[in-house]
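Undergrad: sharing a model that was predicted from the sequence below.
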Amino acid sequence: MTKHDPPYYAVIFTTTLSDQQEGYVEMAKKMEELAQEQPGFLGMDSARAEIGITISYWASLDAIDLWRKNAEHSKAKALGKSKWYASYNLKICKVLDSFN
């Protein structure tokens with residue numbers, strides 16, 4: 001699990017997958033690698049079973065907005081909406097404190 005000193009932001013992305021999965025795993029890996037290159041990216045945790053849960057960590061809302069506007073990420077989002085996800089939800093949260 002990724003640890004960072006607060007405050008920072010967490011983008012929580014949950015999905016239920018559709019029956020059509022061709023290319024999904026490759027795109028998910030590519031998006032994780034691309035996110036790691038973005039300024040302000042702090043890390044990511046992910047779990048996939050009945051639902052997919054990915055939490056990415058960012059230094060600022062501006063960093064999240066730059067990622068949202070990234071051209072490759074935009075293509076992946078469009079494929080997810082049209083092909084891979086039966087449903088999805090996105091939440092952006094400010095982490096003020098964390099406990100271990």
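TA: Happy to help now that I have it. Keep in mind it's a predicted model, so treat the numbers as computed, not measured. Numbers count the residues shown, from 1 in each chain.

Undergrad: run through this structure and note the low-pLDDT ranges.
TA: Where the chain drops to pLDDT under 70, the residues are 1-2, 49, 100.

Undergrad: and the helices in it, which stretches?
TA: Residue ranges of the helices in the chain, as given by DSSP state H, are 24-36, 61-69, 71-79.

Undergrad: other residues contacting the second one?
TA: Taking contacts as Cβ atoms under 8 Å, 6 or more residues apart in numbering, the residues outside helix 61-69 that touch it are 9, 11, 35, 38-41, 56, 58, 73, 92. (Each C-beta comes from the backbone N, C-alpha and C, glycine too.)

Undergrad: ditto for the first one
TA: Outside helix 24-36, the residues within contact range by Cβ under 8 Å, 6+ apart are 17, 41, 44, 46, 56, 67, 70, 72-73, 76, 79-80, 84.

Undergrad: farthest pair within the residues you listed?
TA: The widest separation within those, taken as Cβ to Cβ, falls between L17 and F41 and amounts to 24.3 Å.

Undergrad: follow-up on the earlier one: dump the contacts of helix 24-36 to CSV, plus neighbour count and distance to M31.
TA: Written out in CSV, the entries for the contacts of helix 24-36 read as follows (neighbours: other Cβ atoms under 10 Å; distance: Cβ to Cβ, whole Å):
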residue, neighbour count, distance to M31
L17, 17, 15
F41, 19, 11
M44, 16, 10
S46, 12, 11
S56, 23, 10
W67, 19, 10
N70, 16, 9
E72, 12, 8
H73, 17, 6
A76, 19, 5
L79, 14, 10
G80, 19, 9
W84, 22, 12
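
Undergrad: hmm, back to that, how about the helices of the chain, which one is nearest S98?
TA: Going through the helices of the chain one by one, with Cβ to Cβ as the measure, helix 61-69 comes closest at 18.3 Å.

Undergrad: any idea of the angle the closest one forms with helix 24-36?
TA: Angular relation of helix 61-69 and helix 24-36 on a 0 to 180 degree scale: 140 degrees, by axes from the mean of the first three to the mean of the last three Cα atoms, to 10 degrees.
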